[in-house]
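[1] I would like the atomic coordinates for the input below:
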Amino acid sequence: MTNTRNDLVAVVTGAGRGIGQDLALRLAVDGASVAVNDRTDVGETVDLIEKAGGRAIGVVADVSTEDGVELLRAKSTEAFGTVNVVVNNAGLMPGAGILDVTVEEWDRVQATNVRGSFLVSRAFVPGMKEQGWGRIVEISSTSFFMPMAGMLAYITSKGAMIAFGRALSAEAGDWGITVNTIASGAVVTPGTQEEGWADRFPGIAASAQALKRVGRGSDVAGALAFLVSDDASHMTGQTLVVDGGMAHV
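    Residues are numbered from 1 along each chain as shown. Have a look, this model is predicted:
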């Protein structure tokens, strides 16, 4: 992949660990300055980027709130200037079905996964519009195409993120901004381990995927590298499915 710009400034939400960490590291290795965001500690990701020779700052902020996003915007632009790459990766993945999910948990998931994408994108679109160039990437899930029981709030939110990306792409194209989505398959992360899903992933890979290994965060990061590159300059409103061939969409 090629990118003729040498001024890439990226914000990656939910990047303290897991897939988000791999996304932030890949962007930094490819030359972007990266604001690493999460609700808690981001030091490990920042350290990895700096050890790889990249530039990064950490911003602890809750992207489900306007105050948190304003802090992220202010810290990012103060450190690196205009942000022109946004990766909406922050997400919660609780396991609960219609009879078990509470209103509070439902709202918490939608606030982080969906409202967070809206608030972060809204915060940085003006700078991209002024530059006449930008990349916004939503990190969704294959589970939207192949839903599993017991993940009602999560899957609903991931479908909403795909819809959000498609709708925003129709508005942002006139400003030179592309908006695309990556639907990730089964990837073992600290989050999927904590929610009890990771133990199922090897079986899913063996039985349902064309490629029989469990996915890695680096697989998703490779798709991200393509979407922010010049090679994807005429691609917007699309969903790239990175799941080893499980969901044929």
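
[2] Who are the packing partners of the longest helix along the chain?
    As assigned by DSSP state H, the longest helix anywhere in the chain is helix 152-172. Other helices and strands packing on helix 152-172, by 3 or more Cβ pairs under 8 Å, 6 or more residues apart in numbering; DSSP states H and E, are helix 103-110, helix 116-131, strand 134-141, strand 177-184. Every residue, glycine included, has its C-beta placed from N, CA and C.

[3] contacts for it?
    Residues outside helix 152-172 that contact it (Cβ atoms under 8 Å, 6 or more residues apart in numbering) are 88, 91-98, 101, 105-106, 109-110, 113-114, 117-118, 121, 125, 128-129, 134, 136, 138-141, 143-144, 147-148, 178-181, 183, 236-237, 239.

[4] Show the backbone phi and psi for the residue minimising distance to the centre of the chain.
    What sits nearest the mean C-alpha location of the chain, by Cα atoms, centre = their mean, is residue 89, with 2.4 Å. Here is the backbone geometry of residue 89 (degrees, to the nearest 10): phi -110, psi -20.

[5] Please, where are all the strands along this protein?
    With DSSP state E as the criterion, the chain has strands at 9-12, 33-38, 55-60, 85-88, 134-141, 177-184, 239-242.

[6] Turn those strands into JSON lines, columns for mean neighbour count, distance to residue 24 and mean pLDDT.
    JSON lines is the format used below for the strands of the chain (neighbours: other Cβ atoms under 10 Å; distance: least, Cβ to Cβ, whole Å; pLDDT from 0 to 100):
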{"stretch": "strand 9-12", "mean neighbour count": "29", "distance to residue 24": "4", "mean pLDDT": "98"}
{"stretch": "strand 33-38", "mean neighbour count": "29", "distance to residue 24": "5", "mean pLDDT": "98"}
{"stretch": "strand 55-60", "mean neighbour count": "20", "distance to residue 24": "7", "mean pLDDT": "98"}
{"stretch": "strand 85-88", "mean neighbour count": "28", "distance to residue 24": "8", "mean pLDDT": "98"}
{"stretch": "strand 134-141", "mean neighbour count": "27", "distance to residue 24": "12", "mean pLDDT": "97"}
{"stretch": "strand 177-184", "mean neighbour count": "26", "distance to residue 24": "14", "mean pLDDT": "97"}
{"stretch": "strand 239-242", "mean neighbour count": "19", "distance to residue 24": "17", "mean pLDDT": "96"}
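
[7] Next, format those strands as a markdown table and append distance to residue 22.
    Shown next, in a markdown table, are these (distance: least, Cβ to Cβ, whole Å):
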| stretch | distance to residue 22 |
| --- | --- |
| strand 9-12 | 10 |
| strand 33-38 | 12 |
| strand 55-60 | 14 |
| strand 85-88 | 11 |
| strand 134-141 | 11 |
| strand 177-184 | 11 |
| strand 239-242 | 12 |
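
[8] hang on, the earlier thing: can you give me the angle the longest helix of the chain makes with strand 177-184?
    Put simply, helix 152-172 runs at 160 degrees to strand 177-184, going by axes from the mean of the first three to the mean of the last three Cα atoms, to 10 degrees.

[9] How far does helix 152-172 sit from its chain's centre?
    With Cα atoms, centre = their mean, to the nearest Å as the basis, helix 152-172 stands 12 Å off its chain's centre.

[10] Equivalent analysis for stretch 2-19, please.
    Centre-to-centre, stretch 2-19 and its host chain are 10 Å apart (Cα atoms, centre = their mean).
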